[in-house]
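**Q** got a sequence here, can you build the structure:
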Amino acid sequence: MKFSKALCALLLLSTPLTAQIPDSEYAARRSALAQKVGNGVVIALGSPEPEEDFLSFNQNSNFRYLTNFNEPNAALVMVVKNGAIAGSPLLFVEPSDPAREVWTGHRLGIPAVRTTLGMEGRDFATLRNVVDSVMTASGATVLYAVGNFGEEGRLTRDDQIIRSFASGGTAFKPANNEVANLRRVKTAAELDFIRRAVNISVTAQREAMRYIEPGMNEFEVQALIEYTFRRNGADRPSFSTIVGSGPNSTTLHYNADDRFIEPNDVIVMDIGASYRGYAADVTRTVPSSGTFSPAQRDIYLAVRAAQKAGEDAAKVNGPAGALSAAANASLDSSLTRLGLIEGVGASYDCGDRQCTQRSLYYMHGLGHGIGLDVHDPGAATGGNAPLVPGSAFTIEPGIYVRGNLLDIIPNTPKNQAMIAKIRPAVQKYANIGVRIEDDYIVTPTAVEWISRAPRELNEVEALMKEKWNGPSPRDPATVEAYRSTGRRVP
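**A** Numbering: from 1, shown residues only. Prediction:
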């Protein structure tokens, strides 16, 4: 993997681990993008105002990455010449309007852009006229755009804005991929925020393990998890909280969270806090009774073995694909031993092709990058890109034995023979779903496991035996982090 000089400078910034990412880092990101573009005008579009002012607003990740501006209806415009930004970047924002702010809350306003963010502020309403003027004055013929663009035949709001500029001799080129490539490797400050998000998520997992008992509803566990997030300084969940019990444990992205938990269930808790925009993603699977049954233990240990195999294969600058290969080999061995597949490498008829029998129970990738998005650009553990220092990613194998599995497999002679062999095991393990997911960062010397919630079977059972006496004390550092930036503690 090759890095631009601007990006290397960005990675080498000596950033203290504080409650904020400094403006100089955002400026370095913009410079790195300019170097990738070469020549032209760059426009990055922020997210629009929600349709109703009582709805939550979340800035899109690319715009936040480049500007650290978290208000709606904003845009960044830069003139780029020979790989460098010419003049000051322009940040278009909504003007401060006290009459409107009684509904929406305080807005930064145009004059404060320079003193707060180090760019030149402009009124968002003037965006089209200013871009036309900038294109003419600079002699640029290419408009590089960063935004939310739709597929052919489905125009988004950002498509419509950009098309209003792309006329005459102006060529339009999307630049989302260029920003994604910059986001693949995290700086020290970003890794600090990811660690904080992960630590909050680990605290929530521990709280939930102590709290769970049969008879509760899934939404009670969800409520405790999300309360723990906010209480400890998280912005919000980084994705919809998953608390899936019994048959719901076998649905990958189940998030209704409204079933009553029964005595012999396993519960998949796939959760993640967002801290200053940076996401965690930590999954634990626990027995509702506090003790795994023999069948539940079988599946749990098989998943944990696959995760360990993936971890053991993770090396600094090593190929990410080695992790998936190791985890898949482990799962094949375990599933064969448990009688859930006919043998290592066995396949079945899935439509007009052959699929691995492993995929009947494990149908997703081993992991993904984490950062400003919960599925962030970066080291996906199924790819061939190296695990370079600054990578942040997950490892999350799983086994999901759906109760209706044997009824939904295509009815072919080959599949009928397979079903006859695996039926007893499928019936034994029906409605048991297990996923174990952890977060990792790559340093110059090691691949570090950072989501240290209990995960060994005996550790989970031991924690679940502890009495829950209400929320754990908040980390004093959380209070200080909020006070230092003027933000209240939830």
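**Q** for the stretch 151-300 of the chain, give me the ranges with low pLDDT.
**A** 152-153, 166-168 (pLDDT under 70).
**Q** going along the chain, name the strands of it.
**A** Using DSSP state E, counting those that start in this stretch, the strands of the stretch 151-300 of the chain run over residues 171-174, 236-237, 242-245, 266-271, 273-275, 278-279, 282-287.
**Q** format these as CSV; extra columns: mean neighbour count.
**A** Backbone N, C-alpha and C define where each C-beta goes, glycine included. As requested, the strands of the stretch 151-300 of the chain are exported to CSV (neighbours: other C-beta atoms under 10 Å):
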stretch, mean neighbour count
strand 171-174, 14
strand 236-237, 18
strand 242-245, 28
strand 266-271, 26
strand 273-275, 27
strand 278-279, 28
strand 282-287, 25
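**Q** and residue 117, which of these is closest to it?
**A** Closest of the strands of the stretch 151-300 of the chain to residue 117 is strand 278-279, at 19.0 Å (criterion: C-beta to C-beta).
**Q** residues contacting the residue lying farthest from the centre of the chain?
**A** In terms of distance from the mean C-alpha position of the chain, residue 413 ranks first, at 41.6 Å (C-alpha atoms, centre = their mean). Residue 413 sits next to no residue when contact means C-beta atoms under 8 Å, 6 or more residues apart in numbering.
**Q** separation between it and residue 348?
**A** As judged by C-beta to C-beta, to the nearest Å, residue 413 and residue 348 stand 11 Å apart.
**Q** who touches residue 354 in this structure?
**A** Going by C-beta under 8 Å, 6+ apart, residue 354 touches 347-348.
**Q** quick check: pLDDT value at the residue farthest from the centre of the chain.
**A** Here, the pLDDT recorded for residue 413 equals 97.
**Q** now residue 378
**A** Looking at residue 378, its pLDDT is 83.
**Q** and residue 490, by the same measure?
**A** Residue 490 is assigned 36 on the pLDDT scale.
**Q** and residue 9, by the same measure?
**A** On the pLDDT scale, residue 9 is placed at 40.
**Q** for residue 143, which of the strands of the stretch 151-300 of the chain is the nearest?
**A** From those, taking C-beta to C-beta, the stretch that ends up closest is strand 171-174, at 5.3 Å.
**Q** contacting residues around that closest one?
**A** Residues contacting strand 171-174 (C-beta under 8 Å, 6+ apart): 40, 141-146, 149, 162-163, 165-166.
**Q** how much space separates the residue farthest from the centre of the chain from residue 447?
**A** Residue 413 sits 46 Å away from residue 447, going by C-beta to C-beta.
**Q** what's the answer for residue 112, then?
**A** Residue 112 sits 42 Å away from residue 447, going by C-beta to C-beta.
**Q** got it, and residue 331?
**A** From residue 331 over to residue 447 (counting by C-beta to C-beta), the distance is 21 Å.
**Q** the two: who's more crowded?
**A** residue 331 (26 against 21; other C-beta atoms under 10 Å).
**Q** just the buried members of the contacts of strand 171-174?
**A** By the neighbour-count criterion of 16 or more other C-beta atoms under 10 Å, these include these buried positions: 40, 142-146, 149, 162, 165.
**Q** now for these: which two are most distant?
**A** Spatial extent of those (C-beta to C-beta) is set by the pair 40 and 149 at 17.1 Å.
**Q** and the residue farthest from the centre of the chain, how far from residue 454?
**A** The value you get for residue 413 to residue 454, if C-beta to C-beta is used, is 46 Å.
**Q** please apply the same query to residue 280.
**A** Residue 280 sits 16 Å away from residue 454 when distances are taken as C-beta to C-beta.
**Q** just the CA trace of stretch 210-217, in CSV.
**A** Extracted C-alpha coordinates of stretch 210-217, given in CSV (Å, rounded to 0.1, in the frame of the first residue of the first chain):
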residue,chain,number,x,y,z
ARG,A,210,-24.9,-9.1,35.5
TYR,A,211,-28.4,-7.9,34.8
ILE,A,212,-29.9,-10.6,32.5
GLU,A,213,-32.3,-13.2,33.9
PRO,A,214,-35.1,-15.3,32.4
GLY,A,215,-38.5,-13.5,32.3
MET,A,216,-37.0,-10.1,31.2
ASN,A,217,-37.8,-8.7,27.8
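**Q** quick check: buried residues in it?
**A** Quick answer for stretch 210-217 (16+ other C-beta under 10 Å): 210-212, 216.
**Q** which of those fall in helices?
**A** Members of the buried residues of stretch 210-217 lying in helices (criterion: DSSP state H): 210-211.
**Q** now tabulate the buried residues of stretch 210-217 in JSON lines and tack on distance to residue 458.
**A** Listed next are the buried residues of stretch 210-217 as JSON lines, based on distance: C-beta to C-beta, whole Å:
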{"residue": "210", "distance to residue 458": "16"}
{"residue": "211", "distance to residue 458": "20"}
{"residue": "212", "distance to residue 458": "17"}
{"residue": "216", "distance to residue 458": "23"}
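**Q** which one of the buried residues of stretch 210-217 is nearest residue 253?
**A** Once C-beta to C-beta is applied, the member of those that ends up nearest residue 253 is residue 212, at 20.6 Å.
**Q** okay but that closest one is in contact with residue 463, surely?
**A** No - taking C-beta atoms under 8 Å as the definition, residue 212 is not a contact partner of residue 463, at 10.4 Å.
**Q** quick check: residue 327 vs residue 76, distance?
**A** As defined by C-beta to C-beta, residue 327 lies at a distance of 40 Å from residue 76.
**Q** higher neighbour count, the two?
**A** residue 327 (29 against 22).
**Q** what's the single longest strand in this protein?
**A** The longest strand of the chain (DSSP state E) is strand 84-93.
**Q** rewinding a little: so which of the strands of the stretch 151-300 of the chain comes closest to residue 421?
**A** strand 266-271 (24.9 Å).
**Q** so what strands line up beside that closest one?
**A** In the sheet, strand 266-271 lines up against strand 242-245 (antiparallel), strand 282-287 (antiparallel) (DSSP bridges).
**Q** now the ones you listed in CSV, with distance to residue 267?
**A** Formatted as CSV, those follow (distance: least, C-beta to C-beta, whole Å):
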stretch, distance to residue 267
strand 242-245, 5
strand 282-287, 5
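**Q** for residue 295, find the nearest of those.
**A** Going by C-beta to C-beta, the one of those nearest residue 295 is strand 282-287, 10.7 Å.
**Q** show me the residue sitting in the middle of the chain in space.
**A** Nearest to the chain centroid, counting by C-alpha atoms, centre = their mean: residue 374, 0.6 Å.
**Q** that one belongs to a helix?
**A** No - using DSSP: H, G, I helix; E, B strand; the rest coil, the assignment for residue 374 is coil, not a helix.
**Q** tell me who's in contact with the closest residue to it other than its chain neighbours.
**A** Distances taken as C-beta to C-beta, 6 or more residues apart in numbering put residue 279 closest to residue 374, at 4.2 Å, once the chain neighbours are dropped. Residues in contact with residue 279 (C-beta under 8 Å, 6+ apart) are 194, 197, 238-239, 272-273, 370-374, 376.
**Q** same question for residue 130.
**A** 77, 90, 92, 122.
**Q** what strand or helix carries the first one?
**A** Applying DSSP states H and E as the criterion places residue 77 in strand 75-81.
**Q** and that strand, what other elements does it pack with?
**A** With contacts defined as 3 or more C-beta pairs under 8 Å, 6 or more residues apart in numbering; DSSP states H and E, the packing partners of strand 75-81 are helix 23-37, strand 40-45, helix 61-67, strand 84-93, helix 127-138.
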